[in-house]
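Undergrad: Sequence plus predicted model, see below.
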Amino acid sequence: MAQEPDSALVEAAAKGDGDSFTELCRRYYPAMVAIAHSMLGDRHLAEDVAQQAFASAAVKLPQLRQKAQFAGWLAAICRNEARDMMRRTRAVQSIDDHSATTESNEHVVCESVRAALNKLSASAREVIFLRFYDGMSYEQISAVLGISEQAINGRLRRAKKKLAEYLRRDGYDEVRL
């Protein structure tokens with residue numbers, strides 16, 4: 001059975017077909033979580049943001065003019081929702097990056113990687129999360145972000161080079177990405 005194109009699903013969903021919207025959610029939920037995670041650094045908040053992005057998209061779906069551009073449109077909504085979440089969480093909580101010295105070595109390494117990821121540009125961080133955290137192919141990333149596979153390859157190559165540079169500065173001399 002051939003996979004129905006996004007544009008047909010979007011058209012049907014805009015007319016009230018819940019099964020079509022469910023299929024769109026199934027296709028793009030992992031990518032939206034990855035995009036939000038790349039911005040927020042918290043998987044649970046990212047899942048909340050992805051769900052909110054789909055809720056917003058469901059309401060605004062009839063307004064989408066280019067049905068074939070659904071993935072990119074949804075990604076933009078998700079980024080906006082993540083920015084809103086960042087504003088809300090900053091207002092409510094303070095982050096304690098350095099706890100007691102009893103942290104495990106693994107936790108220190110994870111924090112170093114997270115800090116290095118946070119130094120990357122938003123677009124570089126986004127492709128890193130989509131590719132390595134979500135396991136998406138270049139073709140899938142291309143559909144979600146609306147850029148060519150060559151551009152994705154370039155962003156990934158530059159992002160990995162920058163990550164390695166940041167980690168070497170933090171004392172991880174044997175970094176090979």
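TA: Alright, I've got the coordinates.
Undergrad: Could you pull up the contacting residues of residue 109?
TA: The contact partners of residue 109, taken as Cβ atoms under 8 Å, 6 or more residues apart in numbering, are residue 172. From N, CA and C alone the C-beta is placed, and that goes for glycine too.
Undergrad: ok, it to residue 48 distance?
TA: According to Cβ to Cβ, to the nearest Å, residue 109 and residue 48 sit 27 Å apart.
Undergrad: buried ones in the least confident helix or strand in the chain by mean pLDDT?
TA: Among the helical and strand segments of the chain, the one scoring lowest on mean pLDDT, DSSP states H and E is helix 105-119, with a mean of 77. With burial defined by 16 or more other Cβ atoms under 10 Å, the residues of helix 105-119 counted as buried are 113, 116-117.
Undergrad: Reformat those as CSV; add distance to residue 82.
TA: Shown next, in CSV, are these (distance: Cβ to Cβ, whole Å):
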residue, distance to residue 82
113, 20
116, 20
117, 15
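Undergrad: can you give me the helices in the protein?
TA: Shown for the chain, the helices assigned by DSSP state H span residues 6-14, 18-40, 43-60, 70-92, 105-119, 122-128, 138-145, 149-169.
Undergrad: other SSEs contacting the third one?
TA: It refers to helix 43-60. Packing partners of helix 43-60 (3 or more Cβ pairs under 8 Å, 6 or more residues apart in numbering; DSSP states H and E): helix 18-40, helix 70-92.
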